[in-house]
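Engineer: what shape does this take:
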Amino acid sequence: MKEGKNVIVITGASSGFGALAARALARAGHTAYASMRETTGRNAPQVAEAQAYAADHSADLRTIELDVASEASAAAAIEQIVAAHGRLDVVIHNAGHMVFGPAEAFTPEQLAELYDVNVLSTQRVNRAALPQLRKQRRGLVIWVSSTSSAGGTPPYLAPYFAAKAGMDALAVVYARELTRWGIETSILVPGAFTGGTNHFAHAGSPADKARAAEYEAGPYAGFADEVRKGFASIVPADADVSAVAEAIVRVVETPFGRRPFRVNVDPTQDGAEVVNAVSDRVRAELLRRIGLGDLLIPRVLATSK
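Structural biologist: Predicted coordinates:
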C-alpha cells in the first residue's frame, strides 16, 4: 500500500453515505472496508456491486461482514482486518436507521431498537477497534452525526433525532478520552438529503397503527406529507449526496493533528453549524478552565511495537 494511505472500516456501507464514502476513499488510494450484515444473503448484490466497482476503478474497495447489532460480529470483522494488514487506521461510524411518524405511536421497544442501531452500535465497534488504535498510539475515529442534533427539527422524526443526538453526545466525550492515546476524532454532520440515499425511502413506521391513525384522523391529518414537502422545499436542486463522501475523504487526508473536530455538510442550512460552533466552544473552554485543555489536541506518541 502507498505511503500515507489508510486502512479504513466503514459501518453500514451497503448503501447511502457509507457506500459512497467507501468508494470515494478507495478511489483516493486507501484500503476501504465497506462493512455490512448479510453479505452472503440480503446484501449479496451490494457485495457484487462493490467488487465490480473495485475492478472497474482499480480501487482497493473490499466488503466485510459486520453486523453492528452483534458484539461478536464487530470483533470478528476488526480481527480479520487487523490480521490482513497488521493495523487499522480509521474507523467510520456510519450505520444508522431512520423512522418517521408521530412519536406517541412508536412503542418503547421501537425506540430501544433505534437507539441500539444508532448509538449502541458505535459502542460495539469501538470496543472491538479501539484496543488496536490505542496499541498503535495513532488513529482516527469519524462519527457520522446529523444536523438534527443541534439544528431545526420538524416533528414526526423524534425517535431518530433523539438517537442521533445521543450518538453525537457520545462522540464528543469519547473524543476527549482518546486524545491522550494519540487518536483523533472528527464528527461529520450531514443535513437533510432527500435524494441519493435510502434514508427516507426505508424509514421505519410506528408499530402502534391505531395510535398513528388517531393523529391522521385528527388535527394532524396529512401532516406527514407536509413535513416531507417542507423538507424537500429547502433542499437545493443541486444538492449532491456525494458531498458527504467527499468531506470524509478530506478529513481522512488532512494531516494528523490538523483534522477538524466537526464538519458540517448541510445543503439546507438548518442552523446546526451555528449551534454546534457555540456548544463546542463552550465545552472546550470548560476543559481549559479545569486544567484539561490538552484533551483538545491529540497527543503525539511513539508507536507501540
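
Engineer: now do the SS call for A34.
Structural biologist: strand (DSSP: H, G, I helix; E, B strand; the rest coil).

Engineer: count of residues packed around it?
Structural biologist: Neighbour count of A34, defined by other C-beta atoms under 10 Å: 33. Bear in mind the C-beta positions are built from the backbone N, C-alpha and C, glycine included.

Engineer: for it, give the beta-bridge partners.
Structural biologist: I10, T63 (DSSP bridges).

Engineer: can you give me the helices for the stretch 201-305 of the chain?
Structural biologist: For the stretch 201-305 of the chain, the helices defined by DSSP state H, counting those that start in this stretch occupy 209-217, 223-234, 242-253, 272-289.

Engineer: got the ones you listed as TSV, with distance to I142, mean neighbour count and mean pLDDT columns?
Structural biologist: Shown next, in TSV, are the helices of the stretch 201-305 of the chain (distance: least, C-beta to C-beta, whole Å; neighbours: other C-beta atoms under 10 Å; pLDDT from 0 to 100):
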stretch	distance to I142	mean neighbour count	mean pLDDT
helix 209-217	35	14	97
helix 223-234	25	13	89
helix 242-253	6	20	95
helix 272-289	16	14	96
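
Engineer: dump those to CSV, plus distance to A175.
Structural biologist: CSV is the format used below for the helices of the stretch 201-305 of the chain (distance: least, C-beta to C-beta, whole Å):
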stretch, distance to A175
helix 209-217, 38
helix 223-234, 30
helix 242-253, 13
helix 272-289, 10
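
Engineer: so where's this protein uncertain?
Structural biologist: Within the chain, the segments meeting pLDDT under 70 span 1-4, 194-201, 302-305.

Engineer: where along it do the strands fall?
Structural biologist: 7-10, 31-36, 61-65, 90-93, 139-144, 183-190, 262-265 (DSSP state E).

Engineer: for these, which one sits closest to V251?
Structural biologist: strand 183-190 (4.7 Å; C-beta to C-beta).

Engineer: and that closest one, how far out from the chain middle?
Structural biologist: Here the centre of strand 183-190 is set off from its chain's centre by 9 Å, with C-alpha atoms, centre = their mean, to the nearest Å.

Engineer: strands paired with it, and their directions?
Structural biologist: Going by DSSP bridges, the partners of strand 183-190 are strand 139-144 (parallel), strand 262-265 (parallel).

Engineer: highest average neighbour count across those?
Structural biologist: strand 139-144 (a mean of 24; mean count of other C-beta atoms under 10 Å).

Engineer: contacts for it next, please.
Structural biologist: Defining contact as C-beta atoms under 8 Å, 6 or more residues apart in numbering, one finds that strand 139-144 is touched by 6, 17, 88-94, 96, 122, 126, 132-133, 167-168, 171, 174-175, 178, 181-188, 190, 244, 248, 251-252, 259.

Engineer: pull out the buried residues from these.
Structural biologist: 6, 17, 88-94, 96, 122, 126, 132-133, 167-168, 171, 174-175, 178, 181-188, 190, 244, 248, 251-252, 259 (16 or more other C-beta atoms under 10 Å).

Engineer: circling back to that earlier point, adding distance to I290, write the strands of the chain out as a markdown table.
Structural biologist: Putting these into a markdown table (distance: least, C-beta to C-beta, whole Å) gives the following:
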| stretch | distance to I290 |
| --- | --- |
| strand 7-10 | 34 |
| strand 31-36 | 38 |
| strand 61-65 | 41 |
| strand 90-93 | 28 |
| strand 139-144 | 24 |
| strand 183-190 | 20 |
| strand 262-265 | 21 |
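
Engineer: pretty sure L301 is touching K135, no?
Structural biologist: No - in this structure, L301 is not within contact of K135 by C-beta atoms under 8 Å, at 10.9 Å.

Engineer: nearest to A44, out of the helices of the stretch 201-305 of the chain?
Structural biologist: helix 242-253 (23.0 Å).

Engineer: tell me what the closest one is packed against?
Structural biologist: helix 16-27, strand 139-144, strand 183-190, strand 262-265 (3 or more C-beta pairs under 8 Å, 6 or more residues apart in numbering; DSSP states H and E).
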